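Enquirer: When you get a sec, could you give me coordinates for this:
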Amino acid sequence: MEHTMTFGEVLEAADGLSLEEQETLMDILHRRVIECQRAALVKDIQEAQQEFEEGHCRLVTPAELTKEILS
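Expert: Numbers count the residues shown, from 1 in each chain. Okay, the predicted model is just below:
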C-alpha cells in the first residue's frame, strides 16, 4: 500500500533538503501549478465555446453585461 504524505510531512522532508534542492523543488512546484492553472483555463474556454456553439449563450454589449453584473 502506498503511503500518502501529509502536508506537514512534506514540509519536514523539504527542510531536510539543501538550499539548492529546496530552490529546485520550488521551481518545479511553481511550474506544475502554472500548468494546472493553464489546463483549467483551457477546459473552461472549451466548455464556454461548446456552450456558445450549442446556443446556450448569447452575445451582449459591455453595457448589458455591466447592468447584469450590478443587478
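Enquirer: From here on, just use CA atoms for contacts and neighbour counts.
Expert: Fine.
Enquirer: Just the mean pLDDT for the strand or helix carrying residue 51, thanks.
Expert: Using DSSP states H and E, residue 51 sits in helix 19-53. The predicted model gives helix 19-53 an average pLDDT of 97.
Enquirer: what's the next secondary structure element after that helix?
Expert: Heading C-terminal from helix 19-53 (DSSP H and E), you reach helix 62-70.
Enquirer: Only C-alpha atoms, please: export that next one in CSV.
Expert: Taking Å, rounded to 0.1, in the frame of the first residue of the first chain, the C-alpha atoms of helix 62-70 are listed here in CSV:
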residue,chain,number,x,y,z
PRO,A,62,-20.5,45.7,-22.4
ALA,A,63,-23.3,47.9,-21.1
GLU,A,64,-25.7,44.9,-20.9
LEU,A,65,-23.0,42.8,-19.2
THR,A,66,-22.3,45.5,-16.6
LYS,A,67,-26.0,46.0,-16.0
GLU,A,68,-26.5,42.2,-15.4
ILE,A,69,-23.4,42.1,-13.1
LEU,A,70,-24.6,45.0,-11.0
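Enquirer: What is it packed up against?
Expert: The helices and strands touching helix 62-70, judged by 3 or more C-alpha pairs under 8 Å, 6 or more residues apart in numbering; DSSP states H and E, number zero.
Enquirer: Now residue 57. Its backbone dihedrals?
Expert: phi -130, psi 160 (degrees, to the nearest 10).
Enquirer: Which residue is the nearest non-sequential neighbour of it?
Expert: residue 51 (6.3 Å; C-alpha to C-alpha, 6 or more residues apart in numbering).
Enquirer: ok, now how distant is the one you found from residue 4?
Expert: Note on residue 51: its distance to residue 4, by C-alpha to C-alpha, to the nearest Å, is 38 Å.
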